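Student: What would the 3D arrangement of this be:
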Amino acid sequence: MLRRDLLLLLVAAAVPAGCSSATPTLYVLAPVPGVAQPGAPPTVELREIGLARYLDRSQIVRSSEAYRLDVLSNEWWGEPLAALLSRVLIQELTQRLPGTTVFAESGAITITAAATVAVNIQRMDADAAGAVVLIAQVEVRAKATATRDVRLTVTPTATGTAGLVQAESEALAQLADTIAAALRS
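Tutor: Numbers count the residues shown, from 1 in each chain. Next up is the predicted model:
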């Protein structure tokens, strides 16, 4: 009886090790250069990005079409998505707005900015045809306040998750172009 109990204990201990999942593949969005647009305020604060709750997860959301959420279970963002979007958008705005210092609301810089930008990401995933759809609300406060709804669509040039993330990077760059133009107005 003792031998059988020992064998059952060894089998039970081995089961979790055999069922462990593979290490997830991590992805990040990359800044995409754009056209320089001089003439923006000298300092711009990017407020914390508002993110639709369905996107606020470690796993990459492939699609939210047809009333169904398609989540890539073992392909994750390399950092929280809102922080990743903010970091890349700051880099893109800094590149597009020469002479302007762009910083995050949540960072260590505490000066009063000449302008602020607020962004709500309502959608950032693939549609039924596989194109990335980015839907956002943008508010720019400088001398006046301007808000706008933005809908961008980018078709991936590669397949798989890498192609999806590349298209999302392109869509975010187009959003940066839109924000840079609004900051110059």
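
Student: When you work out contacts or count neighbours from here on, use the C-alpha atoms and nothing else.
Tutor: Fine.

Student: where does this protein have low pLDDT?
Tutor: Across the chain, the ranges flagged by pLDDT under 70 are 1-21.

Student: where along it do the strands fall?
Tutor: For the chain, the strands defined by DSSP state E occupy 25-27, 43-46, 50-51, 59-63, 70-77, 101-104, 115-126, 132-141, 145-154.

Student: Quick check: buried residues in the biggest helix by length in the chain?
Tutor: Looking across the chain with DSSP state H, the single longest helix is helix 160-184. Neighbour counts using 16 or more other C-alpha atoms under 10 Å place 161-162, 164-177, 179-183 of helix 160-184 among the buried residues.

Student: Spatially central residue for this structure, please.
Tutor: Leu85 (3.9 Å; C-alpha atoms, centre = their mean).

Student: ok, so what distance separates it from Ala129?
Tutor: Noted for Leu85: a distance of 24 Å to Ala129, by C-alpha to C-alpha, to the nearest Å.

Student: what do you get for Pro33?
Tutor: Going from Pro33 to Ala129 by C-alpha to C-alpha gives 26 Å.

Student: who has more neighbours, the two?
Tutor: Neighbours per residue (other C-alpha atoms under 10 Å) separate Pro33 from Ala129, with Pro33 holding more: 16 against 8.

Student: which residues does the residue lying closest to that one once chain neighbours are set aside contact?
Tutor: Residue nearest to Pro33 in three dimensions, not counting chain neighbours: Glu92, with 6.6 Å by C-alpha to C-alpha, 6 or more residues apart in numbering. Contact analysis of Glu92 by C-alpha atoms under 8 Å, 6 or more residues apart in numbering lists 31-34, 173, 176.

Student: Same question for Ser64.
Tutor: So Ser64 contacts 70, 125-127 (C-alpha under 8 Å, 6+ apart).

Student: Report the separation between it and Gly78.
Tutor: According to C-alpha to C-alpha, Ser64 stands 21 Å off from Gly78.

Student: cool, Leu72 as well?
Tutor: According to C-alpha to C-alpha, Leu72 and Gly78 sit 14 Å apart.

Student: ditto for Gly163
Tutor: 16 Å.

Student: again with Leu84
Tutor: Relative to Gly78, and taking C-alpha to C-alpha, Leu84 is found at 8 Å.

Student: if I look at the two, which residues touch both of them?
Tutor: Val28.

Student: Name the residues of stretch 32-41 that come out as buried.
Tutor: Using 16+ other C-alpha under 10 Å as the test for burial, stretch 32-41 gives 32-33, 37, 40-41.
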